[in-house]
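S.K.: need a structure here:
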Amino acid sequence: MPAKNGASAKFHLRLDRGTEPAIGPGKVALLEAIEKTGSISAAARELGMSYRRAWGLIADLNRVLVEPAVEAVVGGKDGGRATLSSTGRKVARLYRAIERDATRHTAAATRSLLNLVAK
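M.R.: Just a heads-up that it's a prediction; the model follows:
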């Protein structure tokens with residue numbers, strides 16, 4: 001939501017489990033990229049991250065959820081693929097819904113705050 005002075009705001013939610021980050025914008029973007037590409041390596045490339053980093057984020061996410069978010073199928077003639085589980089799709093969908101709702105419900109106050117930012 002840009003203001004006349006060029007300032008803008010975007011909400012990001014981060015859920016923690018204790019002191020450990022559990023769900024946040026990077027993990028959700030990775031889930032969405034995996035859903036789009038069908039591949040962890042392609043999703044990592046699309047987001048400009050290493051394959052190792054993507055796997056680490058997936059492992060973290062799978063560890064904190066009640067069910068794994070990503071299901072990988074290894075190897076084969078054409079290589080492996082990855083899909084989101086129903087839990088993974090639900091995490092991404094709920095996360096984006098919360099962002100949209102936060103943006104919509106705070107629009108007036110956010111606009112007022114943005115107008116206080118110098119040009």
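S.K.: Can you tell me the element G6 falls in?
M.R.: Here G6 is covered by no helix or strand, with elements defined by DSSP states H and E.
S.K.: Give the closest residue to it in space, chain neighbours not counted.
M.R.: Once its chain neighbours are removed from consideration, G6 has its nearest residue in K119; the separation is 6.6 Å (Cβ to Cβ, 6 or more residues apart in numbering). In short, each C-beta sits where N, CA and C put it, glycine included.
S.K.: likewise I40?
M.R.: With sequence-adjacent residues excluded and distances taken as Cβ to Cβ, 6+ apart, I40 is closest to A82, at 4.8 Å.
S.K.: Am I right that that neighbour is in a strand?
M.R.: Yes. Judged by DSSP: H, G, I helix; E, B strand; the rest coil, A82 forms part of a strand.
S.K.: so what's the residue nearest to the spatial centre of the chain up against?
M.R.: The chain has V28 as the residue nearest its centroid, 1.7 Å off, counting by Cα atoms, centre = their mean. When contacts are counted by Cβ atoms under 8 Å, 6 or more residues apart in numbering, V28 touches 91-92, 95-96.
S.K.: Return a ChimeraX selection command for the buried portion of those residues.
M.R.: One line in ChimeraX is enough to select the buried ones among these; burial here means 16 or more other Cβ atoms under 10 Å:
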select :91,92,95
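S.K.: Now do the phi/psi pair for the closest residue to A22 other than its chain neighbours.
M.R.: With Cβ to Cβ, 6+ apart as the measure, V64 is the residue that lies nearest to A22, at 4.3 Å, once sequence neighbours are left out. Per-residue torsions, V64: phi -90, psi -10 (degrees, to the nearest 10).
S.K.: tell me the contacts of V64?
M.R.: With contacts defined as Cβ under 8 Å, 6+ apart, the neighbours of V64 are 17, 20, 22-23.
S.K.: any idea how far it is from V117?
M.R.: V64 sits 35 Å away from V117, going by Cβ to Cβ, to the nearest Å.
S.K.: ranges for the strands of this protein?
M.R.: With DSSP state E as the definition, the chain shows strands at residue ranges 15-17, 20-23, 70-73, 81-84.
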